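In: this one's sequence-less:
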């Protein structure tokens, strides 16, 4: 059992030896209980009183912080601001005995500060929930061995792309796909992005992934065009990479060589650096639009400057993030936000795509709000290219629909 503000290190070569957990709470019983859970799981950890946080951050560098929101005299929101000032780049997990919507609000505050917010924890705490939250983003910084694995993966074509369908919910027709990366690891099997994407980005492979996704999408569009389809594929590219001259050269060459219409390709802009020059980005993306390619602002509403990006960048689509959809039936504030964004998109002449639709009730609610385009597990999960091709061919038959 751990005493407050005393760290514990795992045994060498422990599977958790890269994860360091800091618990910030004013309750010593929470320190003891969480310390026992983390220690039994082999995690390096420390428990800290909020007033000692700045002092402790100078001697201990956590990769994960678990933060209580309700601490008299020093609440969790104040701590989030402090972590922002310190430039903390690990994950933050907030916990509280208050309503779930308050936890979600705190997570959004943290996201607006540029912090990496994990899933929230509700009190009373369960050991399995604590460990699941800690494990959800482990190994964000790749080891040298992992770096070589990633490099090998790109060289040998292990990174592949699956396609999640997007639908016109009014007519129940397929309108396109989002390209989502997978890693066909030779030893661990098919890995989803949560298992490697943060490592890939922090290891300097993000631009290589952008180039690979563009190459794959263009090849797939060409294959489908030969089958008589002009469906759309959207690829995820960080804003910095989308405006990089090398990427723009690749994009220009690919579009000029395509037989498929340029409008069949969409660049979905992921969250980028907060200090990126939006005027320079606008110039680069205007060149992409002049090629005939679509530009979409991904995760709209969660980025620290979504409205500024919408104002400056030549986007013709926005994607409403799943964080506003998950609890759409439960929280009125999410309903108001989604309805407002849909109205704004219509008045600006933009397409709006809603992500994360997982049930019929949510789909119906969105339709009533005027939503046209949607994707999520209710319609279909991401699928390999051959399955997407089969789906396209099925959809071309009269009276055949994938859902409903």
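Out: Good, I have the coordinates. Just so it is clear, the model here is predicted, and its values are computed rather than measured.
In: quick one: low-confidence ranges for this protein?
Out: 1-17, 137-143, 272-275, 303-305, 398-404 (pLDDT under 70).
In: Next, count neighbours for residue 93.
Out: Look at residue 93: counted by other Cβ atoms under 10 Å, it has 22 neighbours. Backbone N, C-alpha and C define where each C-beta goes, glycine included.
In: where do the helices sit along the stretch 251-400 of the chain?
Out: If you assign secondary structure with DSSP state H, counting those that start in this stretch, the helices in the stretch 251-400 of the chain sit at 278-290, 306-312, 332-348, 360-369, 385-395.
In: Can you say which of these is nearest to residue 110?
Out: Within the helices of the stretch 251-400 of the chain, the stretch nearest residue 110 is helix 306-312; the backing value is 15.7 Å (Cβ to Cβ).
In: I'd like the helices of the stretch 251-400 of the chain written out as JSON lines, with mean neighbour count and distance to residue 207 added.
Out: Converted to JSON lines, the helices of the stretch 251-400 of the chain look like this (neighbours: other Cβ atoms under 10 Å; distance: least, Cβ to Cβ, whole Å):
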{"stretch": "helix 278-290", "mean neighbour count": "16", "distance to residue 207": "14"}
{"stretch": "helix 306-312", "mean neighbour count": "15", "distance to residue 207": "20"}
{"stretch": "helix 332-348", "mean neighbour count": "15", "distance to residue 207": "30"}
{"stretch": "helix 360-369", "mean neighbour count": "15", "distance to residue 207": "35"}
{"stretch": "helix 385-395", "mean neighbour count": "16", "distance to residue 207": "23"}
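In: Of all those, which one is nearest residue 219?
Out: Nearest to residue 219, of these and by Cβ to Cβ, is helix 385-395 at 9.3 Å.
In: Give me the distance between that closest one and the centre of its chain.
Out: Centre-to-centre, helix 385-395 and its host chain are 26 Å apart (Cα atoms, centre = their mean, to the nearest Å).
In: biggest helix in the chain, by residue count?
Out: helix 206-226 (DSSP state H).
In: Where does residue 95 fall, secondary structure wise?
Out: Residue 95 is part of strand 91-96, with elements assigned from DSSP states H and E.
In: After that strand, heading C-terminal, what element do we hit next?
Out: Using DSSP H and E, the helix or strand that directly follows strand 91-96 along the chain is helix 100-112.
In: what comes up buried for that next one?
Out: For helix 100-112, burial by neighbour count (16 or more other Cβ atoms under 10 Å) applies to 102-107, 109-112.
In: Provide a list of residues in contact with the residue most central in space within the chain.
Out: The chain has residue 299 as the residue nearest its centroid, 7.6 Å off, counting by Cα atoms, centre = their mean. Going by Cβ atoms under 8 Å, 6 or more residues apart in numbering, residue 299 touches 270-271, 319, 321.
In: One more pass at 7 Å, please.
Out: By Cβ atoms under 7 Å, 6 or more residues apart in numbering, the residues touching residue 299 are 271, 319, 321.
In: Pull out the buried residues from these.
Out: The neighbour count (16+ other Cβ under 10 Å) marks 271, 319, 321 as buried among the contacts of residue 299.
In: Format the residues you listed as TSV; extra columns: distance to residue 60.
Out: Shown next, in TSV, are the buried ones among the contacts of residue 299 (distance: Cβ to Cβ, whole Å):
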residue	distance to residue 60
271	28
319	38
321	33
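In: Let's see which of those end up in strands.
Out: residue 319 (DSSP state E).
In: ok, the buried ones among the contacts of residue 299 vs residue 293, which is closest?
Out: residue 319 (15.9 Å).
In: I'd say the closest one and residue 296 touch.
Out: Yes. Counting by Cβ atoms under 7 Å, residue 296 is a contact partner of residue 319 at 5.8 Å.
In: Need the overlap of contacts for the two.
Out: With contacts defined as Cβ under 7 Å, 6+ apart, the residues shared by residue 319 and residue 296 are residue 268.
In: measure residue 289 to residue 153 for me?
Out: The gap separating residue 289 from residue 153 is 32 Å, by Cβ to Cβ, to the nearest Å.
In: Likewise for residue 250?
Out: According to Cβ to Cβ, residue 250 stands 20 Å off from residue 153.
In: Between these two, which has more neighbouring residues?
Out: Between residue 250 and residue 153, counted using other Cβ under 10 Å, the more crowded position is residue 153 (20 against 16).
In: Assumed the more buried one was part of a strand.
Out: No. Residue 153 is assigned helix when assessed by DSSP: H, G, I helix; E, B strand; the rest coil, not a strand.
In: Can you give me the neighbour number for the spatially closest residue to it that is not a sequence neighbour?
Out: Closest residue to residue 153 apart from its sequence neighbours, by Cβ to Cβ, 6 or more residues apart in numbering: residue 159 at 5.5 Å. Neighbours of residue 159 under the rule other Cβ under 10 Å: 22.
In: List the residues that contact residue 159.
Out: Taking Cβ under 7 Å, 6+ apart, we find residue 159 in contact with 153, 181, 183, 212.
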